[in-house]
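**Q** Need the 3D shape of this:
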Amino acid sequence: MNRAVLVAAGILASRAAGFVRIRVFAHYFGLRSDAADAFNASFRIPNFLQTLFGEGALSASFIPVYAALVARGERREADRVAGAIGAIVSALVAVTVLIGVLAAPAMVAIIAPGFEGQKRELTVLLARILFPGAGMFVLAAWCLGVLNSHHKFLLSYAVGAVWNAAMIATLLLFGSGSQLPQLSVYLAWGSVVGSFLQIVVQMPVVLKVAPDLRFAFDIGSEHVRTVGRNFLPVLISRGVVQVSGYIDQLLASWLPTGAVTGISNAQALYTLPVSLFGMSVAASELPAMSGAAALDDAAAVALRTRLDAGLRRIAFFVVPSAIAFFALGDVVAGVVLQTGRFTSGDAVYVWRILAGSAIGLVASTLGRLYSATLFALRDTRTPLRFALVRVSLTSVLGYLCSIPLPRLLGIDASWGAVGLTASAGVAGWVEMFLLRRTLRARIDSRGIPASHLVKLWSAALIAAALGWGARAVMPSTGYPAVDGVFVLTAFGLAYIGATVAVGVPEATTLIQRGLRRLR
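**A** Purely as a prediction, here's the structure:
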């Protein structure tokens, strides 16, 4: 549990800085500007490299092998594997970055075919600038894999604050005196600098925990080959998921100006509970699960216990997050984004998109831990098959709900962005149920009891009603951030109180831990 807290603390620090960045970005760019759409679209293109190689494939293929070696005390061999993987990934990333820079015009034509003229040219320029920074993100993810295997969680997840700080500094330095197109160029370079600083901050600690680390193309080790064999299915799996995101980006480019930025803003808010609760538990459990699977022939019992407990912890936090996005999404968007050119009407538009995202929030977050458990069992192909199902559903439903459906219903085309996020949520539930069924058959995981889920959803709905009440009786201060903090605090306290009243153990544990820290 302490490891999950460290991961959550690191993610929280990074995400807090990220929300400051998003707020400053919204202040200078607003929601409905070509420069904002161009920057968010261009960032999605090199982000493919970061997510494909870094966050998914490395964690799922490298950590189980490396952590098992560390757990057995084979530190020298572990460092040898880490150095080989670092060298191989660096070479792959260098080639991919070069291709990305050269092929940026073609990529923009594919990912944002609705962009034309200067908006398209700006998107191409920004993508070329951002690609090298995305490559550095991948190397930062390799550092994360080494540190996590040695149970050094806080730094590897908090280091994202450095990247956010670089971008915030860029916006504050150039924001007032630059026109929007030029400011987006400055911001892209600020992103590259920030991604480089992430490696600078982590590398000294990596060298300390792995003193025998040497970068070499060592493919003779069986452990390195195992990582390679695991890497390809995960790479394809993550690539499939990324293709789904790019299909959303493509469809959004045909929607009115502001849809691309609105979806990006909503994703930043939506992924906070996914990262803070789902990723924190999954990331902290993966090394421990991998070590247990390598050392214990009866690993099914240990894995089942860890999985079921982790699912309960995740659900305790994510269920109210989904209800808050659905019922109070404009308040959430107002707290983070409403400033400068970003208006209250923009906050309502982001709320619509958030409400669609809330449909699949619980499923996507629980799915993280289910996938991590399969990765710990060295099964990377099952998540790939289910990812293919999810992407197929997302693509078909996304098109139908974003383009034809608004026309059929006679509503504004901007509602198509809501159709995109809602359809992705439905597909997320299908994937989660498939993962759950597999682990029930393999390690007899029972998951979360239905009675427990009823308590969580009931408490969250009660909290939402009280949040609406607090919103109705509170006189407005004229500052959305201040008003929103009051409403969301009332919501959070009501949820904690309701879960304690119905006997949810995680609520009592949370309060006890808080009281101990206060003492």
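
**Q** can we go C-alpha only for contacts and neighbour counts from here?
**A** Fine.

**Q** If you count neighbours, what's buried in stretch 201-215?
**A** Of all the residues in stretch 201-215, those buried under the rule 16 or more other Cα atoms under 10 Å are Gln202, Val205, Val206, Leu207, Val209, Ala210, Asp212, Leu213, Arg214, Phe215.

**Q** host element of the residue lying closest to Leu213 once chain neighbours are set aside?
**A** What sits nearest to Leu213 in space, not counting adjacent residues and going by Cα to Cα, 6 or more residues apart in numbering, is Asp79, at 4.8 Å. Using DSSP states H and E, Asp79 sits within helix 75-102.

**Q** For the stretch 101-250 of the chain, just list every one of the helices.
**A** 104-111, 117-149, 153-158, 160-174, 180-209, 222-253 (DSSP state H, counting those that start in this stretch).

**Q** Ser149 and Leu207, how far apart?
**A** 13 Å (Cα to Cα, to the nearest Å).

**Q** now the helices of the stretch 101-250 of the chain as CSV including distance to Ala376?
**A** As requested, these are exported to CSV (distance: least, Cα to Cα, whole Å):
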stretch, distance to Ala376
helix 104-111, 34
helix 117-149, 13
helix 153-158, 18
helix 160-174, 25
helix 180-209, 22
helix 222-253, 11
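
**Q** for those, which one sits closest to Val95?
**A** helix 117-149 (9.8 Å; Cα to Cα).

**Q** right, and the helix or strand after the longest helix seen in the chain?
**A** Secondary structure of the chain per DSSP state H: the longest helix is helix 299-337. Counting by DSSP H and E, the next helix or strand C-terminal to helix 299-337 is helix 344-358.

**Q** can you give me the offset of whatever helix or strand comes next after that next one from its chain's centre?
**A** Counting by DSSP H and E, the next helix or strand C-terminal to helix 344-358 is helix 361-376. Distance of helix 361-376 from the chain centroid (Cα atoms, centre = their mean, to the nearest Å) equals 13 Å.

**Q** tell me what helix 361-376 is packed against?
**A** helix 59-71, helix 280-295, helix 299-337, helix 381-402, helix 416-443 (3 or more Cα pairs under 8 Å, 6 or more residues apart in numbering; DSSP states H and E).

**Q** Which one, of these, ends up nearest to Ala38?
**A** Nearest of the helices and strands packed on helix 361-376 to Ala38, taken as Cα to Cα: helix 416-443 at 16.8 Å.

**Q** other SSEs contacting that closest one?
**A** helix 222-253, helix 299-337, helix 344-358, helix 361-376, helix 381-402.

**Q** Serialize these to JSON lines and add fields for mean neighbour count and mean pLDDT.
**A** Formatted as JSON lines, the helices and strands packed on helix 416-443 follow (neighbours: other Cα atoms under 10 Å; pLDDT from 0 to 100):
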{"stretch": "helix 222-253", "mean neighbour count": "21", "mean pLDDT": "71"}
{"stretch": "helix 299-337", "mean neighbour count": "22", "mean pLDDT": "87"}
{"stretch": "helix 344-358", "mean neighbour count": "24", "mean pLDDT": "90"}
{"stretch": "helix 361-376", "mean neighbour count": "25", "mean pLDDT": "85"}
{"stretch": "helix 381-402", "mean neighbour count": "20", "mean pLDDT": "87"}
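
**Q** what would these look like in CSV with distance to Ala266?
**A** Formatted as CSV, the helices and strands packed on helix 416-443 follow (distance: least, Cα to Cα, whole Å):
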stretch, distance to Ala266
helix 222-253, 13
helix 299-337, 8
helix 344-358, 6
helix 361-376, 12
helix 381-402, 16
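
**Q** Compare the ones you listed and report which one is nearest to Tyr157.
**A** Nearest to Tyr157 among the helices and strands packed on helix 416-443 is helix 361-376; the distance by Cα to Cα comes to 16.5 Å.

**Q** any idea of the angle that closest one forms with helix 416-443?
**A** Relative orientation of helix 361-376 and helix 416-443, computed by axes from the mean of the first three to the mean of the last three Cα atoms, to 10 degrees: 40 degrees.

**Q** circling back: buried ones in the helix holding Asp79?
**A** 75, 77-90, 93, 96-97, 100-101.

**Q** now the angle from it to helix 104-111?
**A** Using the same axes, to 10 degrees, helix 75-102 lies at 90 degrees relative to helix 104-111.

**Q** Now Glu464. Nearest residue, chain neighbours left out?
**A** One thing to correct before we go on: residue 464 is Ala, not Glu. Phe491 (6.0 Å).

**Q** what kind of secondary structure is the one you found in?
**A** Of the three states, Phe491 takes helix according to DSSP: H, G, I helix; E, B strand; the rest coil.

**Q** Contacts only, for Ser184.
**A** Each residue near Ser184 by Cα atoms under 8 Å, 6 or more residues apart in numbering is listed here: Ala35, Ala36, Phe39, Leu126.

**Q** Can you name the two of those residues that sit furthest apart?
**A** Ala36 and Leu126 (11.4 Å).

**Q** Do me a favour and average the pLDDT over stretch 158-166.
**A** Confidence for stretch 158-166, expressed as mean pLDDT, is 89.

**Q** quick one: terminal-to-terminal distance for stretch 100-115?
**A** Separation of the first and last residues of stretch 100-115 by Cα to Cα is 19 Å.

**Q** Tell me the gap between that stretch and the middle of its chain.
**A** 24 Å.

**Q** Can you point out the buried residues in that stretch?
**A** Quick answer for stretch 100-115 (16+ other Cα under 10 Å): Gly100, Val101, Ala104, Pro105, Met107, Val108, Ala109, Ile111, Ala112, Pro113, Gly114, Phe115.

**Q** Now for Leu171: which residues touch it?
**A** Val24, Phe25, Leu183, Leu187.

**Q** which among the residues you listed gets closest to Gly367?
**A** Phe25 (31.0 Å).

**Q** Name the secondary structure element that contains the closest one.
**A** helix 2-29.

**Q** What's the mean pLDDT across that helix?
**A** pLDDT averaged over helix 2-29 gives 77.

**Q** what angle sits between that helix and helix 180-209?
**A** Using the same axes, to 10 degrees: helix 2-29 against helix 180-209 is 160 degrees.

**Q** and helix 2-29, what other elements does it pack with?
**A** If you count contacts as 3+ Cα pairs under 8 Å, 6+ apart, helix 2-29 packs onto helix 153-158, helix 160-174, helix 280-295, helix 299-337.

**Q** that older thread, next one: the residue nearest to Ala464 from Phe317, what distance?
**A** 13 Å.

**Q** Next: Ile496.
**A** In terms of Cα to Cα, Ile496 sits 10 Å off from Phe317.

**Q** now do Leu173
**A** Counting by Cα to Cα - Leu173 and Phe317 are separated by 37 Å.

**Q** Who are the contact partners of Arg76?
**A** Arg76 touches Asp212, counting by Cα under 8 Å, 6+ apart.

**Q** So what's the predicted local confidence for it?
**A** 86.

**Q** what residues are up against Leu354?
**A** By Cα under 8 Å, 6+ apart, Leu354 lies in contact with Ala266, Gln267, Leu269, Tyr270, Phe325, Phe326, Gly329, Val418, Thr421.

**Q** now, among the residues you listed, which is nearest to Gly310?
**A** Nearest to Gly310 among the contacts of Leu354 is Tyr270, at 20.1 Å by Cα to Cα.

**Q** Secondary structure element holding that closest one?
**A** For Tyr270, the host element (DSSP H and E) is helix 259-273.

**Q** got the CA positions of that helix in PDB?
**A** These are the backbone C-alpha positions of helix 259-273, laid out as PDB (Å, rounded to 0.1, in the frame of the first residue of the first chain):
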ATOM      1  CA  ALA A 259     -13.400  20.100 -30.700                       C
ATOM      2  CA  VAL A 260      -9.800  19.000 -30.800                       C
ATOM      3  CA  THR A 261      -8.800  21.300 -27.900                       C
ATOM      4  CA  GLY A 262     -12.000  20.400 -26.000                       C
ATOM      5  CA  ILE A 263     -11.300  16.700 -26.200                       C
ATOM      6  CA  SER A 264      -7.600  17.300 -25.200                       C
ATOM      7  CA  ASN A 265      -8.800  19.400 -22.100                       C
ATOM      8  CA  ALA A 266     -11.300  16.700 -21.200                       C
ATOM      9  CA  GLN A 267      -8.700  14.000 -21.500                       C
ATOM     10  CA  ALA A 268      -6.300  15.900 -19.200                       C
ATOM     11  CA  LEU A 269      -9.100  15.900 -16.500                       C
ATOM     12  CA  TYR A 270     -10.400  12.400 -17.200                       C
ATOM     13  CA  THR A 271      -6.900  10.800 -17.100                       C
ATOM     14  CA  LEU A 272      -6.200  12.200 -13.600                       C
ATOM     15  CA  PRO A 273      -8.100   9.500 -11.700                       C
END
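
**Q** Sweet, I'm off.
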